[in-house]
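Chemist: Need coordinates for the following:
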Amino acid sequence: MDTREFTGEWDYSTLPDNIWIEPGCYLERKESFQPFRSQQNPGLILGKNVQVYTWTVFSVEPEGKIVVGNDSTLVGAVFWCAESITVGRRVLISYNVTIADSDFHPRDPDLRRLDAIAIAPNGDHTQRPPLVTEPVVIADDVQIGIGAIILKGVQIAAGARIGAGSVVTSNVPAGAFMAGNPAREVRR
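Modeler: Next up is the predicted model:
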């Protein structure tokens, strides 16, 4: 076991060429990038001084792209990206927060069955029904609490805060504090 792979001391240059890392970044675990499959160039941009801690996962489909702004901290965010997820500057995303720009399966029961057959171990992935995606945008200075879920198409405006365990299904105004399932504005 090479302890450098989970202490941030591993060689970041071993990442795919379409992952751009600005100076000052800290990437605690190499395995955060294992499900990264983007074929976009770039497929992931980490701005200056971005801190990526344990349990953060970048699950990015071939057409997906993630951008994380300068001075942001990811304490265990789980990104499910099929199209586009943008995170602003100085954003704090806590442990076990899921951010998804797609449902990653059809919602129609018949299409979902076809999708399950296509992605089975012996299935034909070319027969998957198309995914519905909508970009997620998180503006500067947003804070997202433990276990929150941010769903496709959501835009969170600058300075907003999302309470722990919230499920965000619609846009969030600047400076708002949102909580609950579905998340509602509690105060500004």
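
Chemist: The most centrally placed residue in the chain sits in which helix or strand?
Modeler: Centrality entry for the chain: nearest residue to the mean C-alpha point is Phe79, 2.2 Å, by CA atoms, centre = their mean. Secondary-structure assignment from DSSP states H and E places Phe79 in strand 78-81.

Chemist: packing partners for the following helix or strand past that strand?
Modeler: On the C-terminal side of strand 78-81, the nearest following helix or strand under DSSP H and E is strand 84-87. Other elements packing on strand 84-87 under the criterion 3 or more CB pairs under 8 Å, 6 or more residues apart in numbering; DSSP states H and E are strand 65-68, strand 136-138. The C-beta positions use only the backbone N, C-alpha and C, and glycine is treated the same way.

Chemist: Could you list the paired strands of strand 84-87 along with their orientation?
Modeler: According to DSSP bridges, the neighbouring strands of strand 84-87, each with its direction, are strand 65-68 (parallel), strand 136-138 (parallel).

Chemist: Quick one: these as CSV, columns for mean pLDDT and distance to Leu151 too.
Modeler: Converted to CSV, the strands paired with strand 84-87 look like this (pLDDT from 0 to 100; distance: least, CB to CB, whole Å):
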stretch, mean pLDDT, distance to Leu151
strand 65-68, 98, 16
strand 136-138, 98, 8
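
Chemist: on that earlier part again, just the CA trace of the strand holding Phe79, in PDB.
Modeler: Included here for strand 78-81 are C-alpha records, laid out as PDB according to Å, rounded to 0.1, in the frame of the first residue of the first chain:
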ATOM      1  CA  VAL A  78     -20.000  13.500  -5.000                       C
ATOM      2  CA  PHE A  79     -20.300  14.900  -8.500                       C
ATOM      3  CA  TRP A  80     -22.500  13.000 -11.000                       C
ATOM      4  CA  CYS A  81     -21.900  14.800 -14.300                       C
END
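
Chemist: give the contact list for Ala139.
Modeler: Ala139 makes contacts with Gly88, Gln155, Ile156, Ala157, Ala158, Gly159, Ala160, Ala174, as judged by CB atoms under 8 Å, 6 or more residues apart in numbering.
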